[in-house]
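[1] Provide a 3D model corresponding to the input given below.
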Amino acid sequence: MSWLARPSRCLSRVNPTTRLVAPVSTCRSSQRCIQGASAVAQDHHSSHTSSAVDDGSSSFLPNHTASAAQRPRPQTNPIDDLISQTPIVQALRRDPTYTESRPHLAMNPSLRPNHFVAGPNSGPGKITVPPYVWMAKNPRTAAGTTTSRMVSVFHIGVQLCGHPGFVHGGLLTVMFDEAFARCVSTSFRSGLGMTANLNVDFRKPALPDRLYVLRAETVKVEGRKAWVEGTLTSLPPVGDTSEPVMVAEGKALFVEPKFAEVCCDDKFPQDDCQTDSANKSMVPLYRG
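    As a prediction, the model looks like this:
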(Lines give C-alpha, C1' and ligand atoms only; values in the text may rest on other atoms or scores of the structure.)
Protein backbone atom coordinates (compact mmCIF):
# COMPACT_ATOMS: atom_id res chain seq x y z
CA MET A 1 0.00 0.00 0.00
CA SER A 2 1.47 3.35 -1.01
CA TRP A 3 2.25 6.08 1.48
CA LEU A 4 -0.47 8.32 0.04
CA ALA A 5 -3.14 5.64 0.23
CA ARG A 6 -2.35 4.57 3.79
CA PRO A 7 -5.58 4.47 5.86
CA SER A 8 -5.84 6.81 8.82
CA ARG A 9 -8.15 5.45 11.50
CA CYS A 10 -7.77 8.46 13.69
CA LEU A 11 -10.87 8.76 15.83
CA SER A 12 -11.78 5.19 16.65
CA ARG A 13 -9.44 4.67 19.59
CA VAL A 14 -10.94 6.97 22.14
CA ASN A 15 -11.95 6.66 25.74
CA PRO A 16 -15.25 4.69 25.87
CA THR A 17 -16.56 7.14 28.43
CA THR A 18 -16.32 10.09 26.07
CA ARG A 19 -19.39 11.59 24.53
CA LEU A 20 -20.03 11.06 20.86
CA VAL A 21 -19.94 13.72 18.19
CA ALA A 22 -23.51 14.23 17.12
CA PRO A 23 -23.96 14.06 13.33
CA VAL A 24 -24.89 17.27 11.61
CA SER A 25 -28.23 15.71 10.59
CA THR A 26 -29.34 15.43 14.22
CA CYS A 27 -29.24 19.18 14.81
CA ARG A 28 -32.75 20.39 15.58
CA SER A 29 -32.17 23.81 14.11
CA SER A 30 -29.67 25.57 11.92
CA GLN A 31 -28.68 27.71 14.87
CA ARG A 32 -27.78 24.65 16.93
CA CYS A 33 -25.76 23.27 14.02
CA ILE A 34 -23.73 26.43 13.79
CA GLN A 35 -23.12 26.26 17.52
CA GLY A 36 -21.70 22.75 17.20
CA ALA A 37 -18.13 21.57 17.26
CA SER A 38 -17.07 23.75 14.38
CA ALA A 39 -18.36 26.88 16.08
CA VAL A 40 -16.66 26.55 19.44
CA ALA A 41 -13.53 28.22 18.10
CA GLN A 42 -12.98 31.90 18.56
CA ASP A 43 -11.40 33.70 15.62
CA HIS A 44 -8.00 32.00 15.53
CA HIS A 45 -6.36 35.04 13.96
CA SER A 46 -7.04 37.21 16.98
CA SER A 47 -4.93 35.36 19.52
CA HIS A 48 -2.43 32.55 19.84
CA THR A 49 -3.14 31.96 23.50
CA SER A 50 -5.41 29.40 25.07
CA SER A 51 -8.88 30.37 26.20
CA ALA A 52 -11.72 28.56 27.89
CA VAL A 53 -14.65 28.05 25.54
CA ASP A 54 -18.11 26.90 26.63
CA ASP A 55 -20.97 27.68 24.30
CA GLY A 56 -23.18 24.74 25.16
CA SER A 57 -21.83 22.59 22.34
CA SER A 58 -20.01 20.06 24.52
CA SER A 59 -22.23 17.26 23.23
CA PHE A 60 -20.36 17.46 19.92
CA LEU A 61 -16.94 16.84 21.47
CA PRO A 62 -15.19 14.28 23.69
CA ASN A 63 -15.61 15.08 27.36
CA HIS A 64 -12.01 14.78 28.45
CA THR A 65 -9.44 16.76 30.38
CA ALA A 66 -5.82 16.69 29.22
CA SER A 67 -2.99 17.59 31.53
CA ALA A 68 -0.39 20.14 30.49
CA ALA A 69 2.14 17.33 30.08
CA GLN A 70 -0.09 15.63 27.52
CA ARG A 71 -0.36 18.76 25.39
CA PRO A 72 2.69 19.41 23.23
CA ARG A 73 1.66 23.04 22.69
CA PRO A 74 -1.02 25.47 23.89
CA GLN A 75 -4.50 24.67 22.64
CA THR A 76 -7.03 27.29 21.67
CA ASN A 77 -10.31 25.37 21.72
CA PRO A 78 -11.86 21.88 21.81
CA ILE A 79 -11.27 21.29 18.10
CA ASP A 80 -7.53 21.50 18.79
CA ASP A 81 -7.96 18.94 21.56
CA LEU A 82 -9.95 16.69 19.24
CA ILE A 83 -7.17 16.84 16.65
CA SER A 84 -4.48 16.23 19.25
CA GLN A 85 -6.08 13.03 20.53
CA THR A 86 -6.30 11.34 17.12
CA PRO A 87 -3.87 8.42 16.68
CA ILE A 88 -2.45 9.76 13.42
CA VAL A 89 -1.50 13.07 15.05
CA GLN A 90 -0.02 11.33 18.06
CA ALA A 91 2.01 9.09 15.75
CA LEU A 92 3.27 12.04 13.71
CA ARG A 93 4.37 13.84 16.86
CA ARG A 94 6.40 10.79 17.88
CA ASP A 95 8.04 10.47 14.46
CA PRO A 96 11.35 12.39 14.42
CA THR A 97 11.38 12.56 10.63
CA TYR A 98 8.44 14.98 10.62
CA THR A 99 8.47 18.64 11.61
CA GLU A 100 5.20 20.13 12.85
CA SER A 101 4.04 23.65 12.05
CA ARG A 102 0.93 25.79 11.75
CA PRO A 103 1.59 28.01 8.72
CA HIS A 104 -1.42 30.29 9.19
CA LEU A 105 -0.22 31.27 12.67
CA ALA A 106 3.26 32.01 11.29
CA MET A 107 1.93 34.41 8.67
CA ASN A 108 2.36 38.14 9.05
CA PRO A 109 -0.97 39.26 10.61
CA SER A 110 -1.29 41.96 7.97
CA LEU A 111 -1.40 39.30 5.23
CA ARG A 112 -4.04 37.04 6.76
CA PRO A 113 -7.19 39.01 5.86
CA ASN A 114 -6.32 38.81 2.16
CA HIS A 115 -5.21 35.17 2.16
CA PHE A 116 -8.04 33.09 0.68
CA VAL A 117 -7.78 30.24 3.20
CA ALA A 118 -6.37 31.91 6.31
CA GLY A 119 -8.66 34.92 5.87
CA PRO A 120 -12.28 34.74 4.65
CA ASN A 121 -12.52 30.94 4.74
CA SER A 122 -11.21 30.53 8.29
CA GLY A 123 -12.96 30.86 11.61
CA PRO A 124 -16.02 29.42 13.36
CA GLY A 125 -18.04 27.21 11.04
CA LYS A 126 -15.36 27.34 8.31
CA ILE A 127 -11.76 26.11 8.52
CA THR A 128 -12.33 26.08 12.24
CA VAL A 129 -8.73 26.19 13.47
CA PRO A 130 -5.44 26.83 11.64
CA PRO A 131 -4.48 23.56 9.91
CA TYR A 132 -1.74 21.42 11.43
CA VAL A 133 1.08 20.50 9.03
CA TRP A 134 3.83 17.89 9.26
CA MET A 135 6.68 17.95 6.74
CA ALA A 136 9.42 15.40 6.06
CA LYS A 137 12.17 15.59 3.46
CA ASN A 138 12.91 12.53 1.37
CA PRO A 139 16.52 11.47 0.69
CA ARG A 140 18.11 13.48 -2.11
CA THR A 141 17.68 11.98 -5.54
CA ALA A 142 20.57 10.88 -7.74
CA ALA A 143 20.22 14.19 -9.55
CA GLY A 144 20.62 16.07 -6.26
CA THR A 145 17.04 17.32 -6.08
CA THR A 146 15.05 17.51 -2.86
CA THR A 147 11.52 16.20 -2.51
CA SER A 148 9.19 16.20 0.46
CA ARG A 149 6.09 14.56 1.82
CA MET A 150 3.58 16.17 4.13
CA VAL A 151 0.44 15.56 6.15
CA SER A 152 -2.10 18.25 6.98
CA VAL A 153 -4.95 17.81 9.46
CA PHE A 154 -7.83 20.27 9.66
CA HIS A 155 -11.53 20.59 10.54
CA ILE A 156 -14.17 21.81 8.07
CA GLY A 157 -17.27 23.40 9.58
CA VAL A 158 -20.86 23.67 8.40
CA GLN A 159 -20.59 27.04 6.64
CA LEU A 160 -18.51 25.86 3.67
CA CYS A 161 -21.10 23.72 1.91
CA GLY A 162 -22.20 23.71 -1.71
CA HIS A 163 -25.18 21.42 -1.81
CA PRO A 164 -26.84 21.41 1.65
CA GLY A 165 -25.01 18.98 3.91
CA PHE A 166 -21.98 18.54 1.64
CA VAL A 167 -18.68 20.45 1.63
CA HIS A 168 -18.16 22.53 -1.53
CA GLY A 169 -15.82 20.76 -3.94
CA GLY A 170 -14.10 24.04 -4.71
CA LEU A 171 -12.92 24.26 -1.12
CA LEU A 172 -11.37 20.80 -1.33
CA THR A 173 -9.53 21.88 -4.48
CA VAL A 174 -8.22 24.96 -2.68
CA MET A 175 -6.97 22.82 0.22
CA PHE A 176 -5.10 20.60 -2.24
CA ASP A 177 -3.57 23.65 -3.92
CA GLU A 178 -2.33 25.15 -0.67
CA ALA A 179 -0.93 21.86 0.63
CA PHE A 180 0.77 21.07 -2.67
CA ALA A 181 2.43 24.49 -2.78
CA ARG A 182 3.92 23.90 0.63
CA CYS A 183 5.01 20.38 -0.24
CA VAL A 184 6.97 21.46 -3.34
CA SER A 185 8.53 24.48 -1.62
CA THR A 186 11.57 22.46 -0.52
CA SER A 187 12.27 21.54 -4.15
CA PHE A 188 12.81 25.17 -5.20
CA ARG A 189 15.72 27.32 -4.09
CA SER A 190 13.44 30.32 -3.62
CA GLY A 191 10.84 28.26 -1.77
CA LEU A 192 8.14 29.57 -4.10
CA GLY A 193 6.22 27.47 -6.60
CA MET A 194 3.13 28.58 -8.51
CA THR A 195 0.37 26.32 -9.80
CA ALA A 196 0.66 25.50 -13.51
CA ASN A 197 -1.83 22.64 -13.55
CA LEU A 198 -4.09 21.09 -10.89
CA ASN A 199 -6.39 18.09 -11.28
CA VAL A 200 -8.74 16.81 -8.58
CA ASP A 201 -10.82 13.64 -8.82
CA PHE A 202 -13.71 13.55 -6.36
CA ARG A 203 -14.36 10.05 -5.02
CA LYS A 204 -16.97 10.47 -2.28
CA PRO A 205 -19.05 13.37 -0.94
CA ALA A 206 -17.29 15.31 1.81
CA LEU A 207 -19.37 15.97 4.93
CA PRO A 208 -19.06 19.10 7.08
CA ASP A 209 -18.17 19.08 10.78
CA ARG A 210 -15.48 16.45 10.20
CA LEU A 211 -11.71 16.17 10.53
CA TYR A 212 -9.78 15.74 7.30
CA VAL A 213 -6.30 14.36 6.58
CA LEU A 214 -4.52 15.56 3.44
CA ARG A 215 -1.39 13.66 2.42
CA ALA A 216 0.90 14.98 -0.30
CA GLU A 217 4.24 14.00 -1.78
CA THR A 218 6.49 15.54 -4.41
CA VAL A 219 7.04 12.75 -6.92
CA LYS A 220 9.27 14.41 -9.53
CA VAL A 221 11.47 17.48 -9.94
CA GLU A 222 13.00 18.80 -13.15
CA GLY A 223 14.66 22.19 -12.97
CA ARG A 224 12.01 24.76 -12.13
CA LYS A 225 9.19 22.21 -12.35
CA ALA A 226 7.86 19.92 -9.62
CA TRP A 227 5.07 17.36 -9.73
CA VAL A 228 3.07 16.52 -6.62
CA GLU A 229 0.29 14.06 -5.78
CA GLY A 230 -2.02 13.69 -2.81
CA THR A 231 -5.14 12.26 -1.21
CA LEU A 232 -7.81 13.75 1.05
CA THR A 233 -9.47 11.53 3.64
CA SER A 234 -12.44 12.20 5.90
CA LEU A 235 -12.29 10.78 9.44
CA PRO A 236 -15.38 9.34 11.13
CA PRO A 237 -16.91 11.08 14.15
CA VAL A 238 -15.77 10.17 17.65
CA GLY A 239 -17.08 6.73 18.58
CA ASP A 240 -17.81 5.72 15.00
CA THR A 241 -15.80 2.60 14.15
CA SER A 242 -16.23 2.90 10.38
CA GLU A 243 -13.21 3.28 8.14
CA PRO A 244 -11.93 6.70 7.04
CA VAL A 245 -13.25 7.69 3.62
CA MET A 246 -11.10 8.95 0.75
CA VAL A 247 -13.09 11.84 -0.66
CA ALA A 248 -10.66 13.09 -3.31
CA GLU A 249 -7.33 12.57 -5.04
CA GLY A 250 -5.25 15.30 -6.61
CA LYS A 251 -2.12 15.90 -8.64
CA ALA A 252 -0.46 19.07 -9.83
CA LEU A 253 2.46 20.67 -11.60
CA PHE A 254 4.15 23.63 -9.93
CA VAL A 255 6.68 25.97 -11.51
CA GLU A 256 9.18 28.23 -9.77
CA PRO A 257 8.59 31.65 -11.36
CA LYS A 258 11.56 33.46 -12.84
CA PHE A 259 10.93 36.53 -10.71
CA ALA A 260 11.57 34.36 -7.65
CA GLU A 261 15.20 34.12 -8.76
CA VAL A 262 15.74 37.87 -8.30
CA CYS A 263 17.06 37.42 -4.78
CA CYS A 264 18.33 33.88 -5.18
CA ASP A 265 21.34 34.36 -7.41
CA ASP A 266 24.94 34.17 -6.26
CA LYS A 267 24.74 37.60 -4.61
CA PHE A 268 22.16 36.53 -2.04
CA PRO A 269 22.28 33.64 0.42
CA GLN A 270 19.19 31.46 0.34
CA ASP A 271 18.00 32.52 3.80
CA ASP A 272 17.83 36.12 2.60
CA CYS A 273 15.27 35.23 -0.07
CA GLN A 274 12.48 35.33 2.46
CA THR A 275 13.26 38.91 3.42
CA ASP A 276 13.87 40.35 -0.03
CA SER A 277 11.12 42.73 -1.15
CA ALA A 278 10.38 40.66 -4.26
CA ASN A 279 9.33 37.60 -2.29
CA LYS A 280 8.82 38.48 1.35
CA SER A 281 5.04 38.54 1.01
CA MET A 282 4.77 35.06 -0.52
CA VAL A 283 7.60 32.69 0.37
CA PRO A 284 6.95 32.61 4.13
CA LEU A 285 3.42 31.33 3.44
CA TYR A 286 4.77 28.03 2.17
CA ARG A 287 8.20 27.52 3.65
CA GLY A 288 9.23 27.42 7.29
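
[2] so which residues of this structure form strands?
    Under the criterion DSSP state E, the chain contains strands at 99-101, 132-137, 148-156, 194-202, 210-222, 225-234, 245-255.

[3] now mean neighbour count and distance to residue 117 too, for those strands, in CSV please.
    The C-beta positions use only the backbone N, C-alpha and C, and glycine is treated the same way. CSV is the format used below for the strands of the chain (neighbours: other C-beta atoms under 10 Å; distance: least, C-beta to C-beta, whole Å):
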stretch, mean neighbour count, distance to residue 117
strand 99-101, 15, 15
strand 132-137, 20, 12
strand 148-156, 23, 10
strand 194-202, 13, 14
strand 210-222, 22, 12
strand 225-234, 23, 14
strand 245-255, 20, 15
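
[4] okay if I get the ones you listed as TSV plus mean pLDDT and distance to residue 188?
    Rendered in TSV, the data for the strands of the chain read as follows (pLDDT from 0 to 100; distance: least, C-beta to C-beta, whole Å):
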stretch	mean pLDDT	distance to residue 188
strand 99-101	96	18
strand 132-137	95	13
strand 148-156	97	11
strand 194-202	98	10
strand 210-222	97	9
strand 225-234	98	7
strand 245-255	98	8
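
[5] with respect to residue 113, which of the ones you listed lies nearest?
    The closest of those to residue 113 is strand 148-156. By C-beta to C-beta, the value is 19.3 Å.

[6] which stretches of the stretch 51-200 of the chain have low pLDDT?
    Flagging of the stretch 51-200 of the chain using pLDDT under 70 yields the residue ranges 51-76.

[7] 90 instead?
    51-77, 106-109, 111-112, 137-147, 189 (pLDDT under 90).

[8] helices of that one, start to end?
    Per DSSP state H, counting those that start in this stretch, the stretch 51-200 of the chain carries helices over the ranges 78-84, 87-94, 103-106, 169-184.
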